[in-house]
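Participant: Provide a 3D model corresponding to the input given below.
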Amino acid sequence: MRLYSLSVLYKGDPKVHLLKAAYDVSTFNFFQRASVQEFMTFTSQLIVERSGLGTRASVKEQEYLCHVYVRSDGLAGVVIADNEYPQRVCFTLLDKVLEEFSRQVSRMDWPSGSPATISYAALDGYLSKYQVGPPPS
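Facilitator: Numbers count the residues shown, from 1 in each chain. Okay, the predicted model is just below:
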């Protein structure tokens, strides 16, 4: 069981943009890592774009399961995991991250924020804390 990506996005008008993300691509071949990370970023944005405000969903994309939660205020979170990772745990993690993010990052920064401008450092910690699979060799 593995988590590959944890992202916080803002579903604004007209488009969705990434505010902050953490990735674990250590299980992939070195030469694939950049394209896998790009795929996860693109997929996260697409899923949030296609989800309504106030919704939760789990979407299968290739061999991954993408769990999305879009709050009614437009703040959204996406976890990309393997098929064995428990759905309930993913949504608990998304609740916790979005709640903490909304307390630490001003709502005024969401529409114009980007990974470079938003200071929220907890995602990498959450990604490794919730990692259930065997440690990378």
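Participant: check contacts around L19.
Facilitator: By C-beta atoms under 8 Å, 6 or more residues apart in numbering, L19 lies in contact with V8, L9, Y10, F101, V105, W110, G113, S114, P115, I118, Y120. (Glycine included, C-beta is placed from N, CA and C.)
Participant: strands of this protein, start to end?
Facilitator: Assigned by DSSP state E, the strands in the chain fall at 3-11, 16-23, 55-61, 64-70, 75-82.
Participant: make TSV out of those strands and add mean pLDDT.
Facilitator: Shown next, in TSV, are the strands of the chain (pLDDT from 0 to 100):
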stretch	mean pLDDT
strand 3-11	97
strand 16-23	96
strand 55-61	94
strand 64-70	97
strand 75-82	97
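Participant: let me have the ones you listed in CSV, adding distance to N29 as columns.
Facilitator: Formatted as CSV, those follow (distance: least, C-beta to C-beta, whole Å):
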stretch, distance to N29
strand 3-11, 14
strand 16-23, 15
strand 55-61, 20
strand 64-70, 16
strand 75-82, 17
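Participant: among those, which comes closest to E49?
Facilitator: E49 lies closest, by C-beta to C-beta, to one member of the strands of the chain: strand 16-23, at 4.8 Å.
Participant: that closest one vs strand 64-70, what angle?
Facilitator: Using axes from the mean of the first three to the mean of the last three C-alpha atoms, to 10 degrees, the direction of strand 16-23 lies 130 degrees away from that of strand 64-70.
Participant: and stretch 29-40, C-alpha only, in PDB?
Facilitator: Taking Å, rounded to 0.1, in the frame of the first residue of the first chain, the C-alpha atoms of stretch 29-40 are listed here in PDB:
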ATOM      1  CA  ASN A  29      12.700   4.200 -12.300                       C
ATOM      2  CA  PHE A  30      14.900   7.300 -12.000                       C
ATOM      3  CA  PHE A  31      14.200   8.300 -15.700                       C
ATOM      4  CA  GLN A  32      10.400   8.000 -15.200                       C
ATOM      5  CA  ARG A  33      10.100  10.100 -12.000                       C
ATOM      6  CA  ALA A  34       9.700  13.500 -13.700                       C
ATOM      7  CA  SER A  35       7.000  12.300 -16.100                       C
ATOM      8  CA  VAL A  36       5.200  10.400 -13.300                       C
ATOM      9  CA  GLN A  37       5.200  13.500 -11.200                       C
ATOM     10  CA  GLU A  38       3.900  15.600 -14.100                       C
ATOM     11  CA  PHE A  39       1.100  13.000 -14.700                       C
ATOM     12  CA  MET A  40       0.100  13.200 -11.100                       C
END
